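Colleague: Generate a structure from the sequence data that follows.
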Amino acid sequence: MSTDTPPQTSDVDVAALVSRLEEVEEEVAAIRDDTADDRKKMTMIATKGSLDMAYPPLILASTAAAFDWDVTVFFTFWGLDILHEEKSKKLKMTPLGNPSMGMPNLLAAIPGMDSMATRMMERKMTDQGTASIQELLELTLDLGAELQACQMTADLMDYDDDEFYEGVTTGVGAASALAEMGDSDIQLLI
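Modeller: Coordinates of the predicted model:
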């Protein structure tokens, strides 16, 4: 009966393996650094706060963030209402001046048409299972996109920082938004 004993590893072999392992770890770190530079960056400016215009920046931002892009959305003027907890629940849409609604402006200008168009769109979104603005905001933030509230607009509208959704970056100025855009691969104005 023979007993096989495993071969003994010499100290030189262990040292060589440790050295090679360190080289491989450095190579992997360099690859990670190189791919980090390849990460796409997208910056959007959202200026409109109607129900139908709240969806494009949130859908684009959440989709890009899901693709692991670096995403920043700067909300200014009426777009800031999208980030406002109370106002975002009451966003309206208007058929007036909107040729896609298929309604002549004369009819669209009748009082109550905005409410009717909003109810119709909300019903259609519910029927289709479309995510709400609040759900999209939460998803977009959870995916790591940065949603910025324009400080000048917040001051103009007399909004306090605590009126915005948790996770929204407040106190951001136009200079910061321009710097983000200058460093971005993709810039959009919505």
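Colleague: only C-alpha atoms for contact and neighbour calcs from this point on.
Modeller: Will do.
Colleague: Can you classify the spatially most central residue of the chain by secondary structure?
Modeller: Closest residue to the average C-alpha location of the chain: residue 61 at 3.3 Å, with Cα atoms, centre = their mean. Here residue 61 is helix, with the state taken from DSSP: H, G, I helix; E, B strand; the rest coil.
Colleague: contacting residues around it?
Modeller: 71-73, 140, 145 (Cα atoms under 8 Å, 6 or more residues apart in numbering).
Colleague: same deal with residue 189?
Modeller: So residue 189 contacts 44-47 (Cα under 8 Å, 6+ apart).
Colleague: How about stretch 82-92, which residues are buried there?
Modeller: 82-84, 88, 91-92 (16 or more other Cα atoms under 10 Å).
Colleague: which regions of this structure sit below the pLDDT cut-off?
Modeller: Low-confidence segments of the chain (pLDDT under 70): 1-12, 14, 17, 30-37.
Colleague: hey, where'd the strands end up in it?
Modeller: 41-46, 70-75, 146-150, 169-172, 186-189 (DSSP state E).
Colleague: any chance of these in a markdown table, plus distance to residue 111?
Modeller: Listed next are those as a markdown table, based on distance: least, Cα to Cα, whole Å:
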| stretch | distance to residue 111 |
| --- | --- |
| strand 41-46 | 27 |
| strand 70-75 | 29 |
| strand 146-150 | 32 |
| strand 169-172 | 36 |
| strand 186-189 | 30 |
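Colleague: Looking at the ones you listed, spot the one closest to residue 131.
Modeller: strand 146-150 (18.0 Å; Cα to Cα).
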